[in-house]
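*Asks:* I'll drop the sequence and a predicted model, then ask my questions.
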Amino acid sequence: MENSVIEPVHVDAFVWDQHFVTGLDDMDDQHQGLMALFNELICALFAADADPQIDHAPQLEDVFKRLLDYTVYHFTDEETLMAQRGVDSRHIEAHKALHRQFVQQASDMWATRASTTA
C-alpha cells in the first residue's frame, strides 16, 4: 500500500462581504481579523480530525488562545467606541454582558472539547 499524504484542509467558514461593513475602518479591520482567526481555528480542527495520529493539541490551543485574546481586545475596543460615540450607557452595559457571556461560553466549549478529546 502506498503512503498516503493527508493534504491540509482550508475552509473559509466565515467570508467577509459588504453585509459586514460598519463604515468604521478599525472595527471592519478587527472583524476581518476575527474571521481570519475563526477560519484558522476551523482549519486546525479539520487537520486534527483528519490525522489523529499527530498531537495537534499545542497548535489548537495556540489558535484558540489567539482567537480568544483578540476577541477580548476587539470587545474592549468596541465598548470604548460605543462610549465615545455617546451610546446610551444601559445599552453599553447590556452589550458588555453579552460580550462576557460569549467569551465564557467559548471558553467553556473549548474546555469541554479538550476534556473529551484527551
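*Replies:* Happy to help now that I have it.

*Asks:* which residues of the protein fall in helices?
*Replies:* 25-50, 57-84, 89-117 (DSSP state H).

*Asks:* okay if I get those as CSV plus distance to residue 14 and mean pLDDT?
*Replies:* Using the backbone N, CA and C atoms, a C-beta is placed for each residue, glycine as well. Converted to CSV, those look like this (distance: least, C-beta to C-beta, whole Å; pLDDT from 0 to 100):
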stretch, distance to residue 14, mean pLDDT
helix 25-50, 4, 91
helix 57-84, 12, 94
helix 89-117, 15, 91
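
*Asks:* between these, which gets nearest to residue 13?
*Replies:* helix 25-50 (5.1 Å; C-beta to C-beta).

*Asks:* tell me the buried residues in that closest one?
*Replies:* Neighbour-count burial for helix 25-50, counted by 16 or more other C-beta atoms under 10 Å, picks out 27, 30-31, 34-35, 37-45, 47-48.

*Asks:* now do that helix: distance to the chain's middle.
*Replies:* On the basis of C-alpha atoms, centre = their mean, to the nearest Å, helix 25-50 sits 6 Å off its chain's mean C-alpha point.

*Asks:* other SSEs contacting that helix?
*Replies:* Counting contacts by 3 or more C-beta pairs under 8 Å, 6 or more residues apart in numbering; DSSP states H and E, helix 25-50 packs against helix 57-84.

*Asks:* any buried residues in the helix it packs on, and which?
*Replies:* Under the neighbour-count criterion of 16+ other C-beta under 10 Å, helix 57-84 has 60, 63-64, 67-68, 71, 74-75, 78-79, 82 buried.

*Asks:* distance to residue 17 for the helices of the chain - can I get that in JSON lines?
*Replies:* Below are those laid out as JSON lines (distance: least, C-beta to C-beta, whole Å):
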{"stretch": "helix 25-50", "distance to residue 17": "10"}
{"stretch": "helix 57-84", "distance to residue 17": "19"}
{"stretch": "helix 89-117", "distance to residue 17": "22"}
